[in-house]
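Chemist: sequence first, then the predicted structure, then my questions.
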Amino acid sequence: MSAPSRPALSFVIPFLNEEATLETLYERIAENARGVLRRGETFEVIFVDDGSTDGSVKAVERLAAAHPEVVLLELQGNFGKSAALAAGFERARGRIVFTLDADLQDDPKEIGRFLEKLNEGYDLVSGYKKKRNDPISKVLPSRVFNWMVRRATGIRLHDVNCGFKAYRDVVLQNVRLYGEMHRFIPVLAHWKRFRIAEIPVEHHARRFGKSKFGGGRFFRGLMDLLTVVFLLRYERRPAHFFGGIGLATLALGVVFGAYLTVLKILGQDIGRRPLLILSVLLIVVGVQILATGLIAELLVHMNRNDLPYLVRRVVEHGKVSPAPETAEPKPEVRVAG
């Protein structure tokens, strides 16, 4: 039996207690996907259950039984949106992969516009909820957070948090997700020199269920932002980060020590001066920070298993060929359908 053909589009949809919306969401995706695909092209819809406790899983099982393009990935429990997306990305086989939320706030009618933008030569297109139908308690922190992301990373997206995105498969093959890094995929892709674009999308008010994100999301996002900024700038040269801080601390301690040495030579008592303790502390801490940077450099050197660049294509002997692709075997995942 021949293997099934590769779908043109994959839709990865994490969900947590969204029983009331899943069937309607599938119908809208199917209608709009069929409207943009050429004859013979197919699509798949991958629903990823992130620990639902209502009837969501049963709803997707019914969809999978009725529609061969529907896949259910049921995680062991609630691992978070990044883990759910990573599981979906591992299973997705489409050349273009869409992500959207399961609550019907994202409108699948935008699928065609995303594809048009990708066809302009972009690798990732992110949605931008220009008119957002959410309470001010969610909108204001989101705007502040997006402003901070733009300032810290230099990527000019209005809404990095928007879950409605379209990716070429090569982007997802080269961006690693962990923690809560899903909101920073455009930043990580931009760092890999992929071309990023943004389009405004219609955003509907939530009609069913409730938001799964509490007030702690903003502060977790800030910590993730610090992690991303550090990784972008110092992943392959951590000694530059630790070295700068360590040298500054060490130099300050040495200056204070030299000053106290001069006072000692002039006959003054320095044994009871707090500055002596501060000088010794700065020297010790500076040496420790420098040592941390060197150890970090050693770990990066020993564990470096990916190249610091991506090759778009190869021109050799007058011929153009795509860059060689390497693919690791994908782990088995529980699949219904």
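Modeler: Received the coordinates, thanks. The structure displayed is predicted, hence computed values, not measured ones.
Chemist: can you give me the buried ones in stretch 267-281?
Modeler: 276, 279 (16 or more other CB atoms under 10 Å). Using the backbone N, CA and C atoms, a C-beta is placed for each residue, glycine as well.
Chemist: what sits up against that stretch?
Modeler: Here stretch 267-281 makes contact (CB atoms under 8 Å, 6 or more residues apart in numbering) with 253, 254, 256, 257, 259, 260, 263, 264.
Chemist: and with 10 Å instead?
Modeler: Counting contacts by CB atoms under 10 Å, 6 or more residues apart in numbering, the residues outside stretch 267-281 that touch it are 249, 252-264.
Chemist: pull the number of nearby residues for residue 174.
Modeler: If you count neighbours by other CB atoms under 10 Å, residue 174 ends up with 14.
Chemist: quick check: mean pLDDT across stretch 105-116?
Modeler: Averaged over stretch 105-116, pLDDT sits at 93.
Chemist: stretch 262-271 too?
Modeler: Mean pLDDT, stretch 262-271: 88.
Chemist: same question for stretch 222-239.
Modeler: Stretch 222-239 comes out with an average pLDDT of 74.
Chemist: which parts of that stretch are buried?
Modeler: Of the residues in stretch 222-239, 224, 225, 228, 231, 232, 234, 238, 239 count as buried by neighbour count, 16+ other CB under 10 Å.
Chemist: any chance of those residues in a markdown table, plus secondary structure?
Modeler: Formatted as a markdown table, the buried residues of stretch 222-239 follow (DSSP: H, G, I helix; E, B strand; the rest coil):
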| residue | secondary structure |
| --- | --- |
| 224 | helix |
| 225 | helix |
| 228 | helix |
| 231 | helix |
| 232 | helix |
| 234 | helix |
| 238 | helix |
| 239 | helix |
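Chemist: okay if I get the residues you listed as CSV plus distance to residue 61?
Modeler: Below are these laid out as CSV (distance: CB to CB, whole Å):
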residue, distance to residue 61
224, 33
225, 38
228, 37
231, 39
232, 41
234, 46
238, 47
239, 52
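Chemist: and the two most separated of those residues?
Modeler: 224 and 239 (23.5 Å; CB to CB).
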